[in-house]
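give me a 3D structure for the following:
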Amino acid sequence: MTQSNKQNPQSAGDIDLSFGVNGEVKLTEGSIRAVTDDGEGLILAVWIDEETQLHRVLSDGSKDLTFGDNGVVKCQFEKDEDARPEQLIRQADGKFLLVGSSIRTHFLWRTAVSRFHPNGRPDLEYGTKIFPYPYDPDSVRFYPHRPVACLQADGKLLVSSGYRVDDVDGRPIYEAGRLHRLDVNGLSDRGFGIDGQIEIRIKGQDTRIEGIGALPDAKIVVSATLDRVKDDTSNARISVACLESNGKLDQTFADGGYWEAKNYSSSAKMTVDDDKIILLGTEKRDGAAVSTFSMFKLMPDGKPDPTFNDGAPLPIDVGEGRLFPVTVMHSKQRIVALVYRFDGDIWIHVMRVHNRGELDLDFGGAGSIKLGPGDASDGIVQGNSGRIILAADCGSYTTKKEPTVIGILS
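Numbering: from 1, shown residues only. Prediction:
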């Protein structure tokens, strides 16, 4: 994969040539969808031939053939249904969770969670949890959202399984996020909402959950795109809802429990840095015709952080095209954003921002790097090395892509 802003000797933002082979670990087939750090290496989730395959590589990028069966774990959430991986989450005890979708048809799936031991063996006591459809799919026309999840400090899992309902003519009439909490044994937490779940429609509007975070005081924050559709025209806003630990809305947060961006915006990726809330999405500023990426930082009470770009969202320009935020991460007093852009082909961009809300010009020479062609699905910062790890499918939009893990110097 090519890289702009190449420097010699190597510096932050360069492909880390000490990782894998020339900075990359290539898999033979499939689409790499998720990655997590297990403390000594990486767990990867690949979508291939209607199943999920899990792989493990050591911190230097070499493949761990002792993991699973000769280095591979093959799994499905349900027999005869496509298993698409969406997210990997490591627990404090070393076990890890696979969050994904059990796909019935191209447009219809159910959120699913399985747990594995560090060596890749399935945790049979936990089993696989499949969240039911909100309505009978044979009688109601609805389309599920892709899940997102996070662990709380007490080990409980928060996971979303939202949906959209259309009328008989295929026009959207209702959209909601649904948030579930499972205890450490994978059972619905009866102390959360109603029977372990709540439905979220921010300010009563159509809502798509796109991020979940846990604050140090056990409160829960949910990032989403709300949309006040009027006359078949979208009026979307990046938004955040704050909940008490029991799922009740925290009405002391921002405006009655909710915060929303001022401008048209969407695709609200989120991370929590201690008690600060960091958001990444796309935004149309000042009536502009096209969107740019924007980063927001909120205090724990939902007010803009005055130390970040004077409390204003930070616009980040990577060029024209269709813009897709992937994830936002935090490491060593800096924020790392992973996005991709389509302009006839797909390009991956990684940006690094200081906590004060300025591009880190020491990263890639101008605060960002461009890789491609290819598209990214996930990214993390390795805890032991600080290296930025990207999970990407490399290759042109019109050619077969190679599932690749890329190491970036930080």
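
not counting its neighbours along the chain, what's nearest G257?
For G257, the nearest residue in space outside its immediate sequence neighbours is L249; the separation is 4.1 Å by CB to CB, 6 or more residues apart in numbering. For every residue, glycine as well, the C-beta is placed using N, CA and C.

which residues touch the one you found?
Taking CB atoms under 8 Å, 6 or more residues apart in numbering, we find L249 in contact with A241, C242, L243, G256, G257.

per-residue pLDDT of the closest residue in space to D393 that isn't next to it in sequence, please?
Nearest non-adjacent residue to D393, counting by CB to CB, 6+ apart: K401, 3.9 Å away. At K401, the pLDDT value in this model is 90.

K401: what's it in contact with?
With contacts defined as CB under 8 Å, 6+ apart, K401 is in contact with S31, G374, D375, D393, C394, G395.

returning to that earlier point: partners of the residue nearest to G257 in the sheet?
Bridge pairing for L249 (DSSP bridges) gives the partners L243.

quick one: it from G193, how far?
For L249, the distance to G193 under the criterion CB to CB, to the nearest Å works out to 11 Å.

now swap in L226 and tell me
When distance is defined by CB to CB, L226 is 19 Å away from G193.

have a look at those two and say which one is more surrounded.
Taking L226 and G193 together and counting by other CB atoms under 10 Å, L226 has the greater number of neighbours (26 against 20).

grab the CA positions of the host helix or strand of the more buried one and hand them over as PDB.
L226 belongs to strand 220-227 when assigned by DSSP states H and E. Output in PDB follows, covering the C-alpha atoms of strand 220-227 (Å, rounded to 0.1, in the frame of the first residue of the first chain):
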ATOM      1  CA  ILE A 220     -23.200   5.800  29.700                       C
ATOM      2  CA  VAL A 221     -22.900   8.000  26.600                       C
ATOM      3  CA  VAL A 222     -24.400   7.100  23.300                       C
ATOM      4  CA  SER A 223     -23.400   8.900  20.000                       C
ATOM      5  CA  ALA A 224     -25.900   8.900  17.200                       C
ATOM      6  CA  THR A 225     -27.200  10.600  14.200                       C
ATOM      7  CA  LEU A 226     -30.700  12.000  14.700                       C
ATOM      8  CA  ASP A 227     -32.700  13.100  11.700                       C
END
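
now it, how far from the chain's geometric center?
Here strand 220-227 shows a centroid-to-chain-centroid distance of 13 Å under the convention CA atoms, centre = their mean, to the nearest Å.

could you pull up phi and psi at the closest residue in space to V184 that isn't next to it in sequence?
The shortest distance from V184 to any residue other than its chain neighbours is 4.5 Å, reached at G155 (CB to CB, 6+ apart). Per-residue torsions, G155: phi 90, psi 0 (degrees, to the nearest 10).

may I see the buried residues of stretch 226-235?
Neighbour-count burial for stretch 226-235, counted by 16 or more other CB atoms under 10 Å, picks out L226, D227.

got a list of contacts for that stretch?
Outside stretch 226-235, the residues that reach it (CB under 8 Å, 6+ apart) are 171-172, 175, 201-203, 205-208, 236-237, 239, 260, 264.

what stretches of this protein score poorly on pLDDT?
The model of the chain has pLDDT under 70 over residues 1-8, 287.

next, the buried residues of stretch 382-395.
Across stretch 382-395, burial judged by 16+ other CB under 10 Å covers Q382, S385, R387, I388, I389, L390, A391, A392, D393, C394, G395.

among those residues, which are in strands?
I388, I389, L390, A391, A392, D393, C394 (DSSP state E).

in the residues you listed, find the pair that's most separated.
I388 and D393 (17.4 Å; CB to CB).

output the contacting helices and strands for whichever helix or strand T207 is part of.
Remark: T207 resides in strand 206-214, with elements defined by DSSP H and E. With contacts defined as 3 or more CB pairs under 8 Å, 6 or more residues apart in numbering; DSSP states H and E, strand 206-214 has these neighbours: strand 149-151, strand 157-160, strand 172-182, strand 220-227, strand 265-273.

distance to I15 added to the ones you listed, as TSV?
Putting those into TSV (distance: least, CB to CB, whole Å) gives the following:
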stretch	distance to I15
strand 149-151	29
strand 157-160	34
strand 172-182	37
strand 220-227	30
strand 265-273	23
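
tell me which of those lies nearest to L98.
strand 149-151 (10.1 Å).

so what strands line up beside the closest one?
Sheet pairing for strand 149-151, assigned by DSSP bridges, gives strand 157-160 (antiparallel).

what sits up against the strand it pairs with?
Outside strand 157-160, the residues that touch it by CB under 8 Å, 6+ apart are 89, 97, 99, 111, 113, 131, 145, 147-152, 177-182, 186, 209, 212, 214, 220, 222.

show me how far it is from its chain's centre.
Using CA atoms, centre = their mean, the mean C-alpha position of strand 157-160 is found 13 Å from that of the whole chain.

right, and the helix or strand after it?
Under the assignment DSSP H and E, the closest C-terminal helix or strand after strand 157-160 is strand 163-166.

got the buried residues for that next one?
By neighbour count, with 16+ other CB under 10 Å as the criterion, the buried positions of strand 163-166 are Y163, R164, V165.

buried residues in stretch 274-282?
Buried residues in stretch 274-282, counted by 16+ other CB under 10 Å: K276, I277, I278, L279, L280, G281, T282.

picking that back up, quick one: distance of the strand holding T207 to the chain centre.
For strand 206-214, the distance from its own C-alpha centre to the chain's C-alpha centre is 10 Å (CA atoms, centre = their mean).

point to the residue nearest the middle of the chain.
Closest residue to the average C-alpha location of the chain: T327 at 5.1 Å, with CA atoms, centre = their mean.

just checking, that one is part of a helix?
No - residue assignment for T327, taken from DSSP: H, G, I helix; E, B strand; the rest coil, gives strand, which places it outside any helix.

before we move on, back to that, turn the ones in strands among the buried residues of stretch 382-395 into TSV, including distance to T105.
Below are these laid out as TSV (distance: CB to CB, whole Å):
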residue	distance to T105
I388	36
I389	33
L390	31
A391	26
A392	27
D393	23
C394	29
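
that concludes my questions; thank you for your assistance.
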